[in-house]
Structure formats: structure tokens, C-alpha cells
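Novice: A structural model of the following input is requested.
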Amino acid sequence: MTHATNLLVVVDPTDTEGHPVQEAAAHAAGTGTGLVVLSVMTYDDYRARARAVNGIRQLNFEYTYDHAVEASRHVALRITDAVLADSDIPFEVIGFVGTPVEAVHTVAEEYDCDHVVVTGHRRSIWDIIRGVPDLATTIEKTFPGNVTVFFDHLRDEPLAPPTIVGPNVPHKPA
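Specialist: Okay, here's the model as predicted:
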């Protein structure tokens, strides 16, 4: 593979601020690369949406795989347009139906991306100890290029301290 010209950004459909796109845009502006913004709809979400829409007989409409890809693409376009409205950074938006890791590898190869920006979320210590993988960790382990994990702590709920209650636990008087 030759020198890559694009930076791949994986967006979350629930992201209303577009922070990973903003960070990637700052990097792209400094390096002269283009952005490829990817939104992924899982197979389970596609099947659920298809069952729901196709179950409404009055619609006379069948929700297909192509509709799912376009819906996913629309998510990426909505976020990217909001963030890059006043920018001259070139970008491409991609919708994908499948697993997010499969999507990253497929799109990165197709659009010549050697750098991925993905959002990471706080995980419980128990998930980490048990080895439960998250998307960011899986991409870091399997993607051959650079991976930047953007932790958007403004969106994540703070982890609450454990509540310790029991007969042998002393407490301070108020």
C-alpha cells in the first residue's frame, strides 16, 4: 500500500456533537488528508428495523439492505455536515451494514486509509478484567495502521462509587 491520503472516522449514531469528526478534521487540516466518515448499522439493528417496517402492511413498502445502508450513510452525513459546514476539508460519507470491525477494515482498504479515529467509552473494571472487548480495543488490536481512540468523557456518565451497606460497616454520624 502506498501513502494513504484519507483518515477514517467511525461515528456513533447517538453522537450529537460530532467530537471525533472535529478531532479528525483538525488532524486532516494539518496534514492535508481527506476524511472518510463511516457509520455502521449492525445486522441485528437492520433485522429489527426491517421487521418493524415490513410488519406495517399499510405502507406497501419493503425495507431492504440498500435502505439500511442509505440510512446508515445518512447518519454519517448528518454528523459530518454539522461539523464541517464551514470547512473546505474534503470528505466522503459511507454507510455500512455489518460488524463495526469488518466495516473499518473493508472501508479503510477501499478508501486507502491508514489511520482510524474511533470513540472509546468508559468501561467497568469488571469488563476489563474479564476481557470483554469493546470496539476501540478490537480495532486497536486488529487494524494494521494507526488508531486514535477519542474518549468523549463529556457524554459518558460518571461511574458512581460503590455503596457499602452492612451490619459490620461503621458509619460516621452526620
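Novice: quick check: residue 16 is in a strand.
Specialist: No: applying DSSP: H, G, I helix; E, B strand; the rest coil, one finds residue 16 to be coil, outside a strand.
Novice: how many neighbours does it have?
Specialist: Neighbour count of residue 16, defined by other C-beta atoms under 10 Å: 11. For the C-beta atoms, the positions are set from N, CA and C on the backbone; glycine is no exception.
Novice: residue 103 is in contact with residue 69, correct?
Specialist: No: if you go by C-beta atoms under 8 Å, residue 69 and residue 103 don't touch, sitting 10.8 Å apart.
Novice: tell me which of those two has more neighbours.
Specialist: Neighbours around residue 69 and residue 103, counted as other C-beta under 10 Å, are more numerous at residue 103. The numbers are 22 against 18.
Novice: where's that one, which helix or strand?
Specialist: helix 100-110 (DSSP states H and E).
Novice: list the buried residues in the longest helix seen in the chain.
Specialist: In the chain, taking DSSP state H as the definition, the longest helix is helix 65-83. Neighbour-count burial for helix 65-83 flags 67-69, 71-73, 75-80, 83 (criterion: 16 or more other C-beta atoms under 10 Å).
Novice: which strands or helices does that helix pack on?
Specialist: Secondary-structure packing of helix 65-83 (3 or more C-beta pairs under 8 Å, 6 or more residues apart in numbering; DSSP states H and E): strand 6-11, helix 19-31, strand 34-41, helix 43-54, strand 91-97.
Novice: about what we covered before: what sits in contact with each of residue 69 and residue 103?
Specialist: residue 96 (C-beta atoms under 8 Å, 6 or more residues apart in numbering).
Novice: just give me the neighbour total for residue 89.
Specialist: Residue 89, neighbours per other C-beta under 10 Å, totals 19.
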